[in-house]
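Participant: The following block contains a protein sequence and its predicted model.
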Amino acid sequence: MPSALWIAHVTVTDVEAYGKYALLAGPAIAAHGGKFLARGGRYVQLEGKDRSRNVVARFPSLERAVECYHSAAYQAALAHAEGACERDLMVVEEAE
């Protein structure tokens with residue numbers, strides 16, 4: 001089964017609330033086998049809508065990443081992000 005990438009492009013509008021989200025989201029992601037590959041580092045926007053924060057995490061499978069998103073722990077974290085950011089989030093399988 002191929003691994004999957006959780007890719008988020010984020011514009012933070014409330015730093016304090018988003019910080020609470022990040023503190024809770026990290027452990028929730030790790031509990032589902034997720035490992036951060038990029039988390040707010042330098043980037044170059046070549047096309048599309050620019051978002052100031054970009055996050056990539058690898059999960060053992062697409063299913064595990066989606067389970068993480070719907071988990072109680074991640075949803076509790078996500079409650080802090082609502083209204084604190086604009087973001088796009090997707091999960092995509094890696095090529096084998």
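Facilitator: Perfect, thanks for sending it.
Participant: how about the strands of the chain, start to end?
Facilitator: 4-12, 35-39, 53-59, 85-93 (DSSP state E).
Participant: Relative to the first one, what are the paired strands and their orientations?
Facilitator: Here strand 4-12 has these sheet partners by DSSP bridges: strand 53-59 (antiparallel), strand 85-93 (antiparallel).
Participant: wait, which of those is closest to residue 34?
Facilitator: Proximity to residue 34 (Cβ to Cβ) singles out strand 53-59 among the strands paired with strand 4-12, at 4.4 Å. C-beta coordinates here come from the backbone N, C-alpha and C atoms, glycine included.
Participant: How far off centre is the closest one?
Facilitator: Computed by Cα atoms, centre = their mean, to the nearest Å, the chain-centroid distance of strand 53-59 equals 5 Å.
Participant: And the strands of the chain: which comes nearest residue 67?
Facilitator: Proximity of these to residue 67 was assessed by Cβ to Cβ; the nearest stretch is strand 53-59, lying at 8.9 Å.
Participant: how about the longest helix along the chain: buried residues?
Facilitator: With secondary structure taken from DSSP state H, the chain has its longest helix at helix 15-31. Buried residues in helix 15-31, counted by 16 or more other Cβ atoms under 10 Å: 17, 18, 21, 22, 24, 25, 28, 29.
Participant: who touches that helix?
Facilitator: With contacts defined as Cβ atoms under 8 Å, 6 or more residues apart in numbering, helix 15-31 is touched by 6, 10, 12, 36, 57, 68, 71, 73-74, 76-78, 80-81, 83-85.
Participant: circling back: may I see the strands paired with strand 4-12 arranged in JSON lines, with mean pLDDT and mean neighbour count as well?
Facilitator: Below are the strands paired with strand 4-12 laid out as JSON lines (pLDDT from 0 to 100; neighbours: other Cβ atoms under 10 Å):
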{"stretch": "strand 53-59", "mean pLDDT": "97", "mean neighbour count": "19"}
{"stretch": "strand 85-93", "mean pLDDT": "97", "mean neighbour count": "14"}
